[in-house]
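**Q** Pasting a predicted model and its sequence here:
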Protein chains: 2
Amino acid sequence: MKKKIYSISELASELEISPSSIRFYEEKGLIDPERTKGNQRIYSIRDRARLKLILRGKRFGFSLSEISEMIGFANSEPEEKHQLERSLEYSEKKLKELAQRREELELIEKDLLEMKEKFIQRLKKLKE
Amino acid sequence: MKKKIYSISELASELEISPSSIRFYEEKGLIDPERTKGNQRIYSIRDRARLKLILRGKRFGFSLSEISEMIGFANSEPEEKHQLERSLEYSEKKLKELAQRREELELIEKDLLEMKEKFIQRLKKLKE
DNA sequence: GCTTAACTTTAACTTAACTTTAACTTTGGA
DNA sequence: TCCAAAGTTAAAGTTAAGTTAAAGTTAAGC
């Protein structure tokens, strides 16, 4: 069982963000790495995966607090029936939101494709 | 030919943003409505469409300046060949970016779907 | 053991994207 | 014609998401 771990700067350069950003996410409660005897942060593969998730979320315009909410929910292991049902509802809600975003993304793509076509047509005419 | 127009507050409430935001976008050069004799802003259907585009872009984490760049490019009518070619390149670049975003969106959706499945399974077990 | 690179915290600073406020003007209805 | 509602600008204030700086601590290679 290999237990790969990372220092803050390793992880930062791999994910192409600054160490300060990683510390900032920790301050905001999005991540919570172990520490060495000397108090330096050590990141596990799971921590790395979580950071990747954070960055992915950010690229979609989710705010850190939204991401925080999603992570908290993802990592909960609800045992009680009522809580389980609430979690289920939450995931369904988020899935719907994502579906809507996908539709909008398709609209933007359509706009851009049309633009591109227009440019191509005009270039063609220039060549005649 | 009906030439529907809007006041700032009409448009704001329709798009569910504040009038100040609309003014702010104008200040940033994203939109440029006509004015009445008395200097009040009047928005055309095209202005409304553009605002929608701005909001759509924002929902995808594009910054206002990126959106501004895209809009400026969309509204340019380049006649020169070289410029046309640049515009074409630009649109292709943006389309690639969008494709990548779509992939990431699919990853997030997958994560969420898995979560949802887990909750369903656990609920099932509880009922046995 | 020493040096130096990498780490630590705390606090101030920065930027984008708005929002709020203040002081004033225009518009639409009784 | 007058008044309230809606609009105007300019400037200051706010919030999120970092970045930078200062001052000190730990770890790694010689």
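**A** Here it is on my side, so go on. Numbers count the residues shown, from 1 in each chain, chains lettered A, B, ... in the order given.
**Q** Chain A against DNA strand C: which residues are in contact?
**A** Taking CB under 7 Å from any atom of the strand as the measure of proximity, chain A contacts DNA strand C at A:7-10, A:19, A:23, A:35, A:39-41. From N, CA and C alone the C-beta is placed, and that goes for glycine too.
**Q** how about 10 Å then?
**A** Contact residues, chain A versus DNA strand C (CB under 10 Å from any atom of the strand): A:6-13, A:19-20, A:22-24, A:26-27, A:33, A:35-36, A:38-43.
**Q** Please identify the residues of chain A in proximity to chain B?
**A** A:53, A:56-62, A:74, A:78, A:81, A:84-85, A:87-88, A:91-92, A:94-95, A:98, A:101-102, A:104-105, A:107-109, A:111-113, A:115-116, A:119-120, A:122-123, A:126 (CB under 8 Å from any CB of the partner chain).
**Q** Buried members of the residues of chain A next to DNA strand C into ChimeraX, please.
**A** Remark: buried members of the residues of chain A next to DNA strand C, expressed as a ChimeraX selection using 16 or more other CB atoms under 10 Å in any protein chain shown:
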select /A:6,8,11,12,22,33,41,43
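**Q** Just the ones of the residues of chain A next to DNA strand C in strands?
**A** Among the residues of chain A next to DNA strand C, the members found in strands (DSSP state E) are A:6, A:35, A:41-43.
**Q** Of the residues you listed, which is the nearest to DNA strand C?
**A** For those, the closest approach to DNA strand C (CB to the nearest atom of the strand) belongs to A:R41, at 3.2 Å.
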